[in-house]
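1. Provided below for reference: sequence and predicted model.
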Amino acid sequence: MHLKVSILLSFFCFFLAGCSIAPNELKTAERIMDTHPDSALYILQHLKPVKYKSGSDRALYGLLLFQALDQKGKQLPPDSIITFSLNYYQKTNDNPHIVKSLYYKARINKWAQRYDVATLLYLKTLDLAKNNRDYFLLGKISSDMGDMFSLQKDYKESLKKYQQSIIYFNKAGNNTEARFRIISIGKINYYQHNYKKAQAYFKKALSQTKDSLLQGTVYQELGINYYLTKRYDSAQYFLRKSLYFPYKGTNYAIRCNVLAELYTENEQVDSAFKYATMVLKYPATFYNQRDSYRILTNIEFARKNFEQTKIYMGHYQDCVDSIHKVESQSKSTILENLHNTTQEADSTKRSMMLIVSLLLVFLLLSSLLVIYLYKRNNRKKKQLNAFKLQLNNKQEFVSQGLTKKIEDAKAQQAVVRKNASVEYKEKLDKELYNIALHLNNLDDFNREMNHAFNNIIVTLKTDYPTVNQKELIWCCLHLLDIPHADRMLVLEATSDSLYKLKQRLAQKLNLKTTKDLDCFLRNMTEIKES
């Protein structure tokens, strides 16, 4: 503490004296970065990098600023700063600083949820850092990649990355970071519905530390775990407790977001509104913001405050669009496989060049090796093309709407259906709808329909709890303008039973006749979009 105070006092003295000693201050900040990041950040924030004439000073300033802000869990500045540092160090072939600059450029892309760009930068960083023994940096890279795999629901690969990061952090002697990864492994378990196992990991991490930042994170995850198991009293206790602990990144928004969801479940509207609003005041992901705006939209609509409902709905739709962009990105696992395959192919090419250079001395042997390596290189290229094709298919799938998916599927069956029997055509149609609309998995179907029609499944279940799943499916098929014959096929109903279904549905929705169903359902979507 005395050292920290003395450093700050020295800084003020130099500053007031008006001496231009920025390079010395940069060296001071670099020297104390690991032991006193607060002091280093204070020094950097009071410097004016625009006055630096030396490219090395500007590059070092940008790198140190990113490092200090990242260590304190604060928002990173525009990537133009770290890009300048990276470009400078690449020109001077300063590999240690290139590695750090690449890492922080990857970090800012991860924070911005540009996971495909971040993945490629992390992999490039690993290529340059694999021969050094900076285990802390290697641990952070593995951890960050684990986070991205987890968000993209590649839980198996995510778990591997977290376990690898724990090994690196233990080698670096950083027990706190290793325990944070124990928490991350616990999260993977509750994503996979292993709630008891998740709780065991959280309690293990909590029992091994007195770090307030880590404790707050554990209380947060315990609260979420209890919320997912519908133990709302325990969830509320731990989530509210976590609010009094420090946080990094989006954790505070996450805590408020889950509390807002919890109070919504308990029909405590004022509390739900309070915490949903708080989410928007802190750094948050598009997912947290989307859920917050959904809650605020529903509350304002219930209050008949339609102007504010319209505003929140607009923000909600913006978040949904942003999430679609995030989810349409290439998966990190595919990019990693593609990168590794490329590296292997490059290695093969270098080997071929070496063998060719020895051709005159080992003519016969080198000829055999060249043939072998040529075939092996072709296999690698085929793997690359397969991965690229998989990426293109992924992009095409994400961009298609529900109706277009059905039309395309029917078009693909045109030849088969031409001379097929009636029974076989029905079989093809049923299979088509099962695949296109996820009818074999009601959770996926409900999620798809909620996205397509502004939460219609949730609204109908909430406002009309007597409506059953079959009737919900009919509503969605109707909104998708699915032909009557296809509806009979999907719902396994005759024309009479389908009509009776519509009659029962109209009664449950308090409608006079079945003719009012179309207007009612269309109005529901129009109200939510207005």
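-> Cool, the structure landed.

2. switch to C-alpha atoms for all contacts and neighbour counts from now on
-> Noted.

3. what's near enough to touch the residue most central in space within the chain?
-> The residue lying closest to the centre of the chain (CA atoms, centre = their mean) is Leu151, at 3.8 Å. Going by CA atoms under 8 Å, 6 or more residues apart in numbering, Leu151 touches no other residue.

4. what about it, distance to Ala118?
-> Separation of Leu151 from Ala118 (CA to CA, to the nearest Å): 13 Å.

5. ok, now which ones touch Leu86?
-> If you count contacts by CA under 8 Å, 6+ apart, then Leu86 has 59, 97-98, 101-102 around it.

6. what sits up against the helix or strand where Leu64 lies?
-> Taking DSSP states H and E as the criterion, Leu64 maps to helix 55-71. If you take CA under 8 Å, 6+ apart as the criterion, helix 55-71 is touched by 23, 26, 29-30, 33, 37-38, 40-41, 44-45, 49-50, 52, 75-77, 81-82, 84-86, 88-89, 100-101, 104.

7. I'd like the mean pLDDT over it, please.
-> In this model, helix 55-71 has a mean pLDDT of 84.

8. Quick check: what element follows that helix along the chain?
-> By DSSP H and E, the next helix or strand past helix 55-71 is helix 79-91.

9. follow-up on the earlier one: could you tell me what pLDDT the model assigned to the residue nearest to the centre of the chain?
-> On the pLDDT scale, Leu151 gets 85.

10. ok so, going back, among the contacts of Leu86, which ones are in helices?
-> Of the positions in these, 59, 97-98, 101-102 sit in helices, assigned by DSSP state H.

11. Is it possible to get CSV of these that adds neighbour count and distance to Ala452?
-> Compiled in CSV, the ones in helices among the contacts of Leu86 are given as follows (neighbours: other CA atoms under 10 Å; distance: CA to CA, whole Å):
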residue, neighbour count, distance to Ala452
Ala59, 23, 47
His97, 19, 47
Ile98, 22, 45
Ser101, 28, 41
Leu102, 24, 39
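
12. out of those, which one sits closest to Ser328?
-> Among those, Leu102 lies closest to Ser328 (CA to CA), at 24.1 Å.

13. Tell me who's in contact with the closest residue to the closest one other than its chain neighbours.
-> Ranked by CA to CA, 6 or more residues apart in numbering and with sequence neighbours excluded, the top spatial neighbour of Leu102 is Thr125, at 5.9 Å. Contact analysis of Thr125 by CA under 8 Å, 6+ apart lists 99-100, 102-103.

14. what's the answer for Thr92, then?
-> No residues are in contact with Thr92 under the rule CA under 8 Å, 6+ apart.

15. Look up phi and psi at it.
-> phi -90, psi 0 (degrees, to the nearest 10).

16. what does Lys281 give?
-> Dihedral angles (degrees, to the nearest 10) for Lys281: phi -100, psi 0.

17. Quick check, pLDDT for Gly453.
-> That one is not Gly; residue 453 is Phe. 78.

18. From Arg447, how far out is the residue nearest to it when sequence neighbours are not counted?
-> Excluding its sequence neighbours, the residue lying closest to Phe453 (CA to CA, 6+ apart) is Thr525, at 6.2 Å. Applying CA to CA, the value for Thr525 to Arg447 is 16 Å.

19. now Ile435
-> Taken as CA to CA, the span from Ile435 to Arg447 is 15 Å.

20. if we can go back for a sec, now, of the contacts of helix 55-71, which are buried?
-> Buried residues within these, counting neighbours by 16 or more other CA atoms under 10 Å: 23, 26, 29-30, 33, 37-38, 40-41, 44, 49, 76, 81-82, 84-86, 88-89, 100-101, 104.
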